[in-house]
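Q: generate coordinates for the sequence data below:
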Amino acid sequence: MYSEVIVLQETTLIQVPQRLTVLEAVEFRKTCQELCQADSPPGKIIFDFSDTTFMDSSGLGALVSNFKLTKDKGIDLLLRDVRPQVMAVLSLTGLNEVLPIEQTLSTEAAKTTEKSEIVPPPTHASIYSWIKRSLDVVGAIVGLAITAILFVPIAIAIKLDSPGPIFFGQVRCGWMGKKFRMWKFRSMCANAEQMKSQVQNQLSGPLFKNDNDPRITRVGRFLRKTSLDEIPQFWNVLIGEMSLVGTRPPTPDEVEKYDVPEWQRLDVKPGMTGEWQVNGRSQIRDFEDVIRLDLKYQENWSLMYDLQLIFKTIFVVFNRNSGAY
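A: Predicted coordinates:
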C-alpha cells in the first residue's frame, strides 16, 4: 500500500501507509517530491500517520528527506496523529522535538497513547535477541579486561608520540540513526577533525579515506594496523550502543548523503566487526560495496553467523597483511 494523497485547497494531506518500510518509503519520498516540485506546490503538507504502526530506518530516512525538501521549498509541514510505535522511532533521534506534530485523536485514544510504553519497533530479528545481547555483554567484559591490560603501554606510546588526549570520541549513527559517541585510542593528531578538509578523499560516495593520510601518527599507524585503536569500543558494546558484530557505524555527515534505500543499513546495531571488516575493509573503495555487505549481514544473520564473523575477524587481525590503515 502506497501513500494516498488528498488535496484540500492550499493544503495537501498524505495518508502514510500502515507499514513504512523501504518500498513504501521510496514511494512516500517520491510523492512528496512531486508535490514540492509541481508548478503550483501546496502551501502546507500534512503527513497523516493515524494508520501507521511500523516504521523502519528507510521510513525514517524518507521522512527526514521530505522534511528537508519542504523546508527548502518554504512549505509548511505537519505530522498528524503519530502513533506510539512511530513516536518511539522519532524519539530515538530527537526528531519528535524538531518535527511539528499534532494529535487529533479522541480523548480516550489519546489517554491510551500516553499510557502506552513507547518501545521502538523490531526492525530486525537481531535487535531484541537476548542471545545476541548476552554474547555482546560477555564479549565486551572480556574485551574490556584486555583493554585494561594494554591501556598503560598504549597510553604511554600515544603520549610520547604526539600531544593530545589518549582517547578519541567521534559521533556516529547507531540503530535507526540514533547518535552516540564511539570511542577509540587516538591514532591521529589532536586537531585531525579540523584538518579533514585539507585531506583528499580517495573513496566514492559518502565514505572518506586516504591511504597516506598525513594526520595519522606513527603510533597511530601501528594501532590501526593491529586494530588496537578500536578496542575501547568494547565499552560501546557493553552499554548497548554497538554490538560485537553488525554493520559499519557511519558518521552523521555520511547519513546526510544517504538515499532512502541506503538507510536500511541502520536497521541493525552497528558492530565492532562485520562483513566489511573480514572482506578487506581497507580495500573497499565503493560505497555500494559497503551497502551490499551490510545488507548481506542482515539477510544471513544468526548466532552462528555472528560467531563465524568473530573468528574470521581474529584471523584478519593476526594476519599482518590485512590490517587497516
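Q: domain assignment for the chain?
A: 4-115, 130-318 (automatic domain parsing).
Q: CSV for those, including mean neighbour count and distance to Thr123?
A: No exception for glycine: its C-beta is placed from N, CA and C like everyone else's. Formatted as CSV, the domains of the chain follow (neighbours: other CB atoms under 10 Å; distance: least, CB to CB, whole Å):
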stretch, mean neighbour count, distance to Thr123
domain 4-115, 17, 4
domain 130-318, 18, 4
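Q: want to throw these into JSON lines with mean pLDDT and distance to Pro122?
A: JSON lines is the format used below for the domains of the chain (pLDDT from 0 to 100; distance: least, CB to CB, whole Å):
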{"stretch": "domain 4-115", "mean pLDDT": "87", "distance to Pro122": "9"}
{"stretch": "domain 130-318", "mean pLDDT": "90", "distance to Pro122": "10"}
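Q: now those domains as CSV including distance to His124?
A: CSV is the format used below for the domains of the chain (distance: least, CB to CB, whole Å):
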stretch, distance to His124
domain 4-115, 8
domain 130-318, 5
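Q: do a quick rundown of the helices in the stretch 201-325 of the chain.
A: In the stretch 201-325 of the chain, the helices defined using DSSP state H, counting those that start in this stretch lie at 218-226, 233-238, 252-256, 275-278, 287-300, 303-318.
Q: of those, which is nearest Cys189?
A: helix 218-226 (8.5 Å; CB to CB).
Q: distance between that closest one and the chain's centre?
A: Here the centre of helix 218-226 is set off from its chain's centre by 26 Å, with CA atoms, centre = their mean, to the nearest Å.
Q: could I get the helices of the stretch 201-325 of the chain in a markdown table, plus columns for distance to Lys71?
A: Conversion of these to a markdown table gives the following (distance: least, CB to CB, whole Å):
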| stretch | distance to Lys71 |
| --- | --- |
| helix 218-226 | 39 |
| helix 233-238 | 32 |
| helix 252-256 | 14 |
| helix 275-278 | 33 |
| helix 287-300 | 26 |
| helix 303-318 | 40 |
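Q: of those helices, which approaches Tyr128 most closely?
A: When those are compared by CB to CB, helix 303-318 sits nearest Tyr128, at 13.8 Å.
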